[in-house]
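# The sequence isn't on hand, but the structure is:
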């Protein structure tokens, strides 16, 4: 009797494990993907972006991981030195147009398959910032406008130079602005504007090339914090606390084809 009960219990446990495993979502993958070591790092004109193609030239494994998990550089921890040094040409094609989130998941699948990437997630104390609406009444700046499909936005009309950069987002979520600001500030930025839908953004700001007051007086764009408030009606609020990070447990040089 005891053996019979144990057998039934073991069978039930097995069925439970099968149910849990089958319930876990399967990450999407590219229909076709190639990975090649970057022999010639000289810049070339990239092909036009297409909603079913992921193409990167001279991309490091670290850059691919950061894209796949939507990370700032400070949120990627560990890994051998080559993941931040060696370049690769990646060309992945999906069966049809996919969302940005599915594209990130496809790159995760590629990294797991071809680079044998194994990671885990932690929360670590570090500097970060919140991107919020600056005005209490919700007033936005002149360069932040809702996307109107019937009246598509014009291309940016602000010239870039050695001391001025322009971020131009065309019919994109505000969350797409966060990594642009994070790249300038040097730490993660989280979108907490609560502005839904698609927006057109034009943000002109000075670069770190401005080193003294004399040169600063010749710059025709403000520092990024001022530019956010004046042009978009947004601001960043710096803070320190737990931030999600991805830790590289293991990774291998990829197989090529």
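Happy to help now that I have it. Note that the structure is a prediction, hence the values are computed from the model and not measured. Numbering: from 1, shown residues only.
# What separation do you get for residue 139 and residue 193?
Residue 139 sits 13 Å away from residue 193, going by CB to CB, to the nearest Å. The way it works is simple: take the backbone N, C-alpha and C, and place the C-beta from them, glycine included.
# Repeat that for residue 236.
With CB to CB as the criterion, residue 236 and residue 193 are 11 Å apart.
# Find the residues that touch each one of those two.
131, 132 (CB atoms under 8 Å, 6 or more residues apart in numbering).
# re earlier: out of residue 139 and residue 193, which sits in the more crowded spot?
Set residue 139 next to residue 193 and count neighbours by other CB atoms under 10 Å: residue 193 wins out with 24 against 9.
# Could I get the phi/psi values of the more buried one?
phi -80, psi -20 (degrees, to the nearest 10).
# quick one: it and residue 135 touch, right?
No: Residue 193 sits out of contact with residue 135 when judged by CB atoms under 8 Å, with a separation of 11.5 Å.
# which of the residues in the helix or strand hosting residue 105 are buried?
For residue 105, the host element (DSSP states H and E) is helix 100-114. When neighbours are counted by 16 or more other CB atoms under 10 Å, the buried residues of helix 100-114 are found to be 103, 104, 105, 106, 107, 108, 109, 110, 111, 112, 114.
# Give me the three-state assignment for residue 97.
At residue 97 the chain is in coil, as set by DSSP: H, G, I helix; E, B strand; the rest coil.
# list the contacts for it?
Applying CB under 8 Å, 6+ apart, the residues contacting residue 97 are 51, 52.
# Start at 773, not 1
Renumbered: residue one is now 773, and that last one reads residue 869.
# in this protein, which residue is closest to the centre?
Nearest to the geometric centre of the chain sits residue 842, at 3.4 Å (CA atoms, centre = their mean).
# Once you drop chain neighbours, what's closest to it?
residue 876 (6.2 Å; CB to CB, 6 or more residues apart in numbering).
# Same check on residue 941?
Per CB to CB, 6+ apart, closest to residue 941 is residue 973, 4.1 Å.
# Would you map the strands across the protein?
With strands called from DSSP state E, the chain shows them at 804-809, 825-831, 848-849, 860-865, 890-905, 916-918, 936-944, 961-963, 971-978, 1006-1022.
# Which of these sits closest to residue 995?
strand 971-978 (5.6 Å; CB to CB).
# got the angle between the closest one and strand 936-944?
Relative orientation of strand 971-978 versus strand 936-944 (axes from the mean of the first three to the mean of the last three CA atoms, to 10 degrees): 170 degrees.
# Check which helices and strands strand 971-978 is in contact with.
strand 916-918, strand 936-944, helix 996-999 (3 or more CB pairs under 8 Å, 6 or more residues apart in numbering; DSSP states H and E).
# and residue 827, which of these is closest to it?
Closest among the helices and strands packed on strand 971-978, once you apply CB to CB, is strand 936-944, at 19.3 Å.
# Describe which strands the closest one pairs with in its sheet and in which direction.
For strand 936-944, the paired strands and their directions (DSSP bridges) are strand 971-978 (antiparallel).
# and the angle from the partner strand to strand 1006-1022?
Using the same axes, to 10 degrees, strand 971-978 lies at 90 degrees relative to strand 1006-1022.
# For strand 971-978, buried residues please.
Result for strand 971-978 [16+ other CB under 10 Å]: buried residues 971, 972, 973, 974, 975, 976, 977, 978.
# Might you report the residue contacts of the residue nearest to residue 941?
Contacts of residue 973 by CB under 8 Å, 6+ apart are 915, 916, 939, 940, 941, 944, 946, 949, 1004.
# what does the model give the nearest residue to the second one once chain neighbours are set aside for pLDDT?
Nearest-residue entry for residue 916: residue 1004, 4.2 Å, with adjacent residues in sequence omitted and distances by CB to CB, 6+ apart. Confidence at residue 1004, expressed as pLDDT, is 97.
# again, but for the one 5 residues further on
Predicted confidence (pLDDT) at residue 1009: the value is 95.
# returning to that earlier point: and the helices and strands packed on strand 971-978, which one is worst for confidence?
Among the helices and strands packed on strand 971-978, strand 936-944 scores lowest, at a mean of 88.
# Before I go, just wanted to say thanks for your time.
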